[in-house]
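[1] just to be clear, the model below is a prediction. Sequence and coordinates:
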Protein chains: 2
Amino acid sequence: MNASNGKVPMPTLERLANYLRYLLDLEQERVETISSAEVEQQTGINAAQFRKDLSYFGEFGKPGVGYNVAELQSRIAHILKLDQEQRVLLVGAGNLGSALVGYPGLKEHRFNLVAVFDNNYSKIGRKLWDLEILDLGRLKEVNAVLRARMGILAVPRVAAQSVAEGLVDAGVDSILNFAPLILRVPPHVVVRNVSFVQELAVLSYHLSSEPPQHALDAKG
Amino acid sequence: MNASNGKVPMPTLERLANYLRYLLDLEQERVETISSAEVEQQTGINAAQFRKDLSYFGEFGKPGVGYNVAELQSRIAHILKLDQEQRVLLVGAGNLGSALVGYPGLKEHRFNLVAVFDNNYSKIGRKLWDLEILDLGRLKEVNAVLRARMGILAVPRVAAQSVAEGLVDAGVDSILNFAPLILRVPPHVVVRNVSFVQELAVLSYHLSSEPPQHALDAKG
DNA sequence: TCAACTCTGTGAACTTCTTCACAATCGGGT
DNA sequence: ACCCGATTGTGAAGAAGTTCACAGAGTTGA
């Protein structure tokens, strides 16, 4: 009775994509039905958490039975709009950008990289996999046709803010930002940040004084 | 008086790396002193949040004055152990692995990629930038010498769990995981996950029925 | 038909994180 | 020497997220 009205906690949304991945595996294994208790056992995510996450979007299971894997999978995909093509612009044809174009996970989830931009004239015109690298200056013009609403920012930090503004100007309202800085964008634009260094720093912090395990190994 | 005893909230740790990045910028601009109010103005992070985050680790500022940029920068780097070399193993010499080896941000923060492994015999022996790609089977043997405690997992999903176990067996106790699955590891091991698809899915969800901005543009 | 069992959906309790608000401190000006 | 404006560090309030615990719905078997 909660269904999708009020607003959904961000952690719930983040977990939804995990559930989807997990359900796709179960489907592959021909599992038809799953209970929240089994989800907890197999993924480590608390069963009540799983149920409550789903409850934000309606009722998905049958008491006494559990959840139909195929149905749940497809309903989550629908919630996340992963059941329709999403056109995505990529800015930055460096190492990272190149890796993203080649990453098969995007296509699998219907994210379609429709154009790659760079401002480096030695790259413009070349191909990155099957996409021609376009002049960053043509961003707005090109997206007037493509009408992508998602953008990936894989440029150096100093360029990121101005490129973000270019993306917004070109009609993009969701940005995945790989540059290590906080982007300032208009309120209607949603930004998600991915920072390798931040993640490594958190790991580094946890490398406390615990002795490495090596010494404990005693092997024949 | 809170200093570093109790345990630190995860969101605080995540923000610490951002503060560091920001402080390095300020240092470059020759800013000597900064107040929490200025931090809020420039980064959007609430001033009280900034102060409380720091308070978990001691006292860093002077009332009526603010924080000394250089000192704060170096103390945060110390907290995160970014003031000393951290040796890191990379597993997976694909597109993503390759991009990571070439990513300058790692070296800048003293993360030192000391070895790259892959199980693909057509890759083993080749060079990725300046590092030779080693046989994944030699992971433990090699790390007995290198003694890295951090590992980056940039392998396909199906291989990730077993490679993670290999890393742990080789003495690694911090893992940065790029494969879209929940790794099962012993309790002393810390894992951070980076999932492009998850991030894009969250963005995709937010692409609600708002009309794209294109139509609103009325240009000469 | 009914009893025994399973499992969902959710209010309520609990835990964690964020923000407020203010006493305590500092530095500068006179 | 003292006052005044600025700014910190932190208890306490508030908001957000997680987990508990149970009523109620469904299923199975006799």
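    Here it is on my side, so go on. Every value quoted in this text rests on a predicted model; they were computed, and no experiment measured them. Numbers count the residues shown, from 1 in each chain, chains lettered A, B, ... in the order given.
[2] just checking, what packs against the longest helix seen in chain A?
    Looking only at chain A and at elements set by DSSP state H, the helix with the highest residue count is helix A:10-28. Using 3 or more Cβ pairs under 8 Å, 6 or more residues apart in numbering or on different chains; DSSP states H and E as the contact criterion, the neighbours of helix A:10-28 among helices and strands are helix A:36-43, helix A:47-55, helix A:69-79, helix B:196-206. Where C-beta positions appear, they are placed from N, C-alpha and C, glycine not excepted.
[3] quick one: mean pLDDT for that helix?
    In this model, helix A:10-28 carries a mean pLDDT of 97.
[4] is stretch A:186-200 up against chain B anywhere?
    Yes. On the criterion Cβ under 8 Å from any Cβ of the partner chain, stretch A:186-200 is in touch with chain B at A:His188, A:Val190, A:Arg192, A:Val194, A:Ser195, A:Phe196, A:Val197, A:Gln198, A:Glu199, A:Leu200.
[5] what's the first-to-last distance across that stretch?
    Start to finish, the residues bounding stretch A:186-200 are 30 Å apart (Cα to Cα, to the nearest Å).
[6] for stretch A:18-37, same thing?
    By Cα to Cα, the extent of stretch A:18-37 from end to end equals 16 Å.
[7] off-centre distance for it?
    Relative to the centre of its chain, stretch A:18-37 is centred 20 Å away, using Cα atoms, centre = their mean, to the nearest Å.
[8] report whether that stretch contacts DNA strand C.
    Yes. Part of stretch A:18-37 sits near DNA strand C under the criterion Cβ under 7 Å from any atom of the strand, namely A:Ile34, A:Ser35, A:Ser36, A:Ala37.
[9] got a quick PyMOL command for the buried subset of the residues you listed?
    This is how PyMOL selects the buried members of the residues of stretch A:18-37 next to DNA strand C, with burial counted by 16 or more other Cβ atoms under 10 Å in any protein chain shown:
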select buried, chain A and resi 34+35+36
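[10] which of the residues of stretch A:18-37 next to DNA strand C come close to DNA strand D?
    Among the residues of stretch A:18-37 next to DNA strand C, not one lies near DNA strand D by Cβ under 7 Å from any atom of the strand.
[11] tell me where chain A is predicted with low confidence.
    Scanning chain A for pLDDT under 70 picks out the ranges A:1-6, A:209-220.
[12] pull out the buried positions in the helix or strand encompassing A:Val158.
    Assignment of secondary structure by DSSP states H and E places A:Val158 within helix A:157-169. Neighbour-count burial for helix A:157-169 flags A:Ala159, A:Ala160, A:Gln161, A:Val163, A:Ala164, A:Gly166, A:Leu167, A:Val168 (criterion: 16+ other Cβ under 10 Å).
[13] among these, which one lies nearest to B:Gly44?
    For those, the closest approach to B:Gly44 (Cβ to Cβ) belongs to A:Gln161, at 13.0 Å.
[14] does A:Arg51 really touch A:Ala37, like I thought?
    No. Look at A:Arg51 against A:Ala37 with Cβ atoms under 8 Å: they stay out of range, at 10.1 Å.
[15] number of residues surrounding A:Ile127?
    To be clear, residue A:127 is Lys; Ile isn't right here. Burial measure for A:Lys127: 11 neighbouring residues, criterion other Cβ atoms under 10 Å in any protein chain shown.
[16] quick check: nearest residue in space to it, chain neighbours excluded?
    Taking Cβ to Cβ, 6 or more residues apart in numbering or on different chains as the measure, A:Lys127 lies nearest to A:Ile133, with 7.1 Å between them; neighbours along the chain are not counted.
[17] what is the one you found paired to in the beta sheet?
    The partner list for A:Ile133 in beta bridges (DSSP bridges) reads A:Val116.
[18] same thing with A:Val88?
    Residues in a beta bridge with A:Val88, per DSSP bridges, are A:Leu113, A:Met150.
[19] domain ranges for chain A?
    Listed domain ranges for chain A are A:10-79, A:86-201 (source: automatic domain parsing).
[20] who in chain A is up against DNA strand D?
    On the criterion Cβ under 7 Å from any atom of the strand, DNA strand D has as its neighbours in chain A the residues A:9-12, A:46, A:48-49, A:51-52, A:62-65.
[21] hmm, try it at 10 Å
    When proximity is defined as Cβ under 10 Å from any atom of the strand, chain A approaches DNA strand D at A:7-15, A:33, A:36, A:40, A:44-53, A:55-56, A:59, A:61-66.
[22] just the buried members of the residues you listed?
    Neighbour counting by 16+ other Cβ under 10 Å classes A:Val8, A:Leu13, A:Glu14, A:Arg15, A:Thr33, A:Ser36, A:Ile45, A:Phe50, A:Asp53, A:Tyr56, A:Gly61, A:Gly66 among the residues of chain A next to DNA strand D as buried.
[23] what's the nearest residue to A:Val194 if we skip its chain neighbours?
    Spatial nearest neighbour of A:Val194, excluding adjacent residues (Cβ to Cβ, 6+ apart): A:Phe178 at 5.3 Å.
[24] so the one you found sits right up against A:Arg157, yeah?
    No. Counting by Cβ under 8 Å, A:Phe178 does not reach A:Arg157; the two are 9.6 Å apart.
[25] now for A:Ala159: which residues touch it?
    If you count contacts by Cβ atoms under 8 Å, 6 or more residues apart in numbering or on different chains, A:Ala159 has them with A:Asn119, A:Ala179.
[26] A:Phe60 against A:Ala70, yeah?
    No. Between A:Phe60 and A:Ala70 there is no contact, the gap being 11.9 Å when judged by Cβ under 8 Å.
[27] residues of chain A that sit close to DNA strand C?
    Where proximity means Cβ under 10 Å from any atom of the strand, the interface of chain A facing DNA strand C comprises A:1-3, A:33-40, A:46-67, A:72.
[28] and the residue nearest to A:Val194, what does it touch?
    By Cβ under 8 Å, 6+ apart, the contact list for A:Phe178 reads A:Gly92, A:Leu96, A:Ile152, A:Leu153, A:Ala154, A:Asn193, A:Val194, A:Ser195.
[29] circling back to that earlier point, now do the longest helix of chain A: distance to the chain's middle.
    A distance of 12 Å separates the centroid of the chain from that of helix A:10-28, by Cα atoms, centre = their mean.
[30] of the buried residues of helix A:157-169, which is the nearest to A:Val88?
    Out of these, the member with the shortest distance to A:Val88 (by Cβ to Cβ) is A:Leu167, at 10.9 Å.
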